[in-house]
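> Build me a model from this:
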Amino acid sequence: MAFWKRKNAPNANPAHSAPAPPSPSTDAETKFLSGDALKDRRSVEVLLDAIKQVSESRDLESLLDYVVDRSIEVTGAERGMLVLIDDAGAQQVRVARQAGGYAADEGAKYSTNVVKRVLEDNTPMRTTVQSDAEALELGASVFDLKLRAVMCVPLIADEQEAPEDTQRGALYVDSKAASRAFTDEDLSLFFALAKHIAIALENARLTLQSLENAKYQQSLDIAGEIQKGLMPKSPKSIPGYDVFGWYRSAEHASGDFYDFVHTRDKRMAVVVGDVSGHGIGPALITATAQASLRALMKVVGTPGEAINMLNEDMAERMDDGMFLTLFIAYFSTDGTVQVINAGHTPPLIWRQRTGEIERIDGHGPAVGMVDDFDYSESPLFKLDPGDLILAYTDGLVEARHESRPDRFFDESGVRRILSEVAPRGTSTKELTEELVRHVLEFAGGVREDDWTVVAVRRTGRA
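Prediction:
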């Protein structure tokens, strides 16, 4: 049982009609998430990698080939095409590729009728052809080519009204395989990839006008929205606990994350992580680590095992100088807690009976720093009703005073707020909001780094 549930996808429409489009003003980029941790990890990596390519690429031709190839790969299609509309209003195939990363034959036929319909309605479309009659309804080319699955999305680069000279076009894939039927998740991921082709084309136009800086901003906006969609909602009803998580990124894409997971043995796992740096690179590592941990904690027994396996995997992916600090805590319904701290800012435990505050120091280096480090979690300890664990990232304690930049909020500031607020018996949400308010006042509203806070209080109520 998950701690939160995503909204159910809408019912599929008839095979030859277009489903409701993921509007650019909605969370279309995260509708491809299926709830399958491994599949979602792959999808997020694909999309964040596309954002990174768009942000960094200086070769438009290679970039367009790359995105069309990835579109074919993630949808399982046989062919993919980027179709642009020329000044006369005619369709021109800008890029034509086939599965395996090869160029398709010049002049290869495709369903111009489907592309036309998508561009006229500005609406994504997927269709599975069940009969010759349906094929003919879509166009003679669909019938002649014996296509069984077609998917097409318009290129939309920005939520705002596009300038008149913005390039119009569509991203298109198809397959003759009767066994291949594109899903709603395929369409949403495909639509998100199309946005990055549109961004690349728009960037080429902006470069000619000396506005190249706009491309980075566009990609980061989308990355931020994707990452926001991956952050879980705080669980509302966990037997014996009151739990709340909060974060704000310093930039569009954050290196921080938190998560709540049911472990293999039905304990509640709380995760707080912080990847060094800011921007697309750390955001990609963050998404990968979050998805990996979610999968690992469902199959291994302890947080130490999970971190060891994650470190073995991530050490190969992370560049020199990049690392991930991580805190994981497993909570049992009887108040028993098992924790591990991999180089993370030490969380604090507030004890209701005595008012004392304890510190959870590190059990090893940050993930990615030592490839073969053997992590071991702490011995089990107990939270009594009213006791509270507060975990946070270093951005919070490193907040600078608005008029004295050499002065930091520091752990002492967190301890002071915890000592003042925790005895009131407030909810974890109220305590977190009070802490954040004090840090913002201290820093004059300035955030130089990502801020993440997760509070867990044992209530003792079943």
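
> ok, and L201, which helix or strand is that part of?
L201 is part of helix 184-208 when elements are defined by DSSP states H and E.

> residues near Q130, how many?
Neighbour count for Q130, taken as other CB atoms under 10 Å: 14. Using the backbone N, CA and C atoms, a C-beta is placed for each residue, glycine as well.

> Please identify which helix or strand holds R41.
helix 37-56.

> Which helix or which strand is home to the nearest residue to D105 once chain neighbours are set aside?
Taking CB to CB, 6 or more residues apart in numbering, and ignoring the residues beside it in sequence, D105 has A96 as its nearest neighbour in space, at 7.6 Å. When secondary structure is defined using DSSP H and E, the element that contains A96 is strand 91-98.

> How far does that strand sit from its chain's centre?
30 Å (CA atoms, centre = their mean, to the nearest Å).

> pLDDT of it, averaged?
Mean pLDDT, taken over the full extent of strand 91-98, equals 92.

> Would you give the sheet partners of that strand, along with the direction of each?
According to DSSP bridges, strand 91-98 forms sheet pairs with strand 79-85 (antiparallel), strand 102-103 (antiparallel).

> tell me the angle that strand makes with helix 184-208.
Angle between the axes of strand 91-98 and helix 184-208 is 120 degrees (criterion: axes from the mean of the first three to the mean of the last three CA atoms, to 10 degrees).

> got the buried residues for strand 91-98?
Under the neighbour-count criterion of 16 or more other CB atoms under 10 Å, strand 91-98 has Q91, V93, R94, V95, A96, R97, Q98 buried.

> Enumerate every residue touching the fourth one.
Under the criterion of CB atoms under 8 Å, 6 or more residues apart in numbering, the neighbours of V95 are L64, D65, V68, G80, M81, L82.

> Show me how the chain divides into domains.
For the chain, the structural domains run 28-224, 231-458, going by automatic domain parsing.

> Which one of those domains has the poorest average confidence?
By mean pLDDT, the lowest-scoring of the domains of the chain turns out to be domain 28-224, with a mean of 76.

> on that earlier part again, give me the contact list for the following helix or strand past the helix holding R41.
Note on helix 37-56: by DSSP H and E, the next helix or strand toward the C-terminus is helix 60-75. Where contact means CB under 8 Å, 6+ apart, the residues beyond helix 60-75 that reach it are 43, 46, 49-50, 53-54, 57, 77-82, 94-95, 97-99, 101, 151, 171, 173, 182, 186, 189-190, 193-194, 196-197, 200-201, 204.

> Look at S71 and say how many residues are nearby.
A count of neighbours around S71, defined by other CB under 10 Å, yields 27.

> what separates it from G277, distance-wise?
29 Å (CB to CB, to the nearest Å).

> try V44
Between V44 and G277 the distance is 18 Å, computed by CB to CB.

> wait, what's in contact with the residue nearest to D105?
For A96, the set of contacting residues under the criterion of CB under 8 Å, 6+ apart consists of R79, G80, M81, L82, A103, A104, D105, E106, A108.

> Could you rerun that using 7 Å?
Contacts here follow CB atoms under 7 Å, 6 or more residues apart in numbering; on that basis A96 touches M81, A103, A104, A108.

> wait, what's in contact with the second one?
Put plainly, it is A103. When contacts are counted by CB under 7 Å, 6+ apart, A103 touches A96, R97.

> Kindly state the beta-bridge partners for it.
R97.

> Please determine how far it is located from L201.
Here the criterion is CB to CB. By it, A103 lies 19 Å from L201.

> Pull the number of nearby residues for R180.
Residues near R180, counting by other CB under 10 Å, number 16.

> unless I'm mixing things up, it is touching A149, no?
Yes. In terms of CB atoms under 7 Å, R180 counts as a neighbour of A149; the distance is 4.8 Å.

> Show me which positions of stretch 424-440 end up buried.
When burial is assessed from 16+ other CB under 10 Å, stretch 424-440 yields the following buried residues: T428, L431, T432, E433, E434, L435, V436, H438, V439, L440.

> Identify all contacting residues around that stretch.
Stretch 424-440 is touched from outside by 242-244, 246, 396, 399, 409, 414, 417, 421-422, 453, 455-457, with contacts defined as CB under 7 Å, 6+ apart.

> farthest-separated two in the residues you listed?
Pairwise distances across those (CB to CB) peak at 25.5 Å, for the pair D242 and A399.

> So for these two, which sits in the more crowded spot?
For D242 against A399, the residue with the higher neighbour count under other CB under 10 Å is A399, and the figures read 24 against 21.

> quick one: that one and V454, what's the gap?
From A399 over to V454 (counting by CB to CB), the distance is 17 Å.

> do the same with S403
When CB to CB is the yardstick, S403 and V454 sit 30 Å from each other.

> Compare the two (neighbour count), which wins?
Legend: neighbour count by other CB under 10 Å for S403 and V454, higher for V454 (26 against 7).

> part of a strand, is the more buried one?
Yes. Residue state for V454 (DSSP: H, G, I helix; E, B strand; the rest coil) corresponds to a strand.

> residues contacting it?
Shown in contact with V454 (CB under 7 Å, 6+ apart): G245, Y258, V270, V272, A391.

> Let me have those residues in TSV, adding neighbour count and distance to M369 as columns.
Output for the contacts of V454, formatted as TSV (neighbours: other CB atoms under 10 Å; distance: CB to CB, whole Å):
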residue	neighbour count	distance to M369
G245	25	25
Y258	23	21
V270	25	23
V272	25	18
A391	25	20
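
> which among those gets closest to L310?
Proximity of the contacts of V454 to L310 was ranked by CB to CB; the top entry is V272 with 14.1 Å.

> check contacts around that closest one.
Y258, F327, H344, A391, T393, T452, V454.
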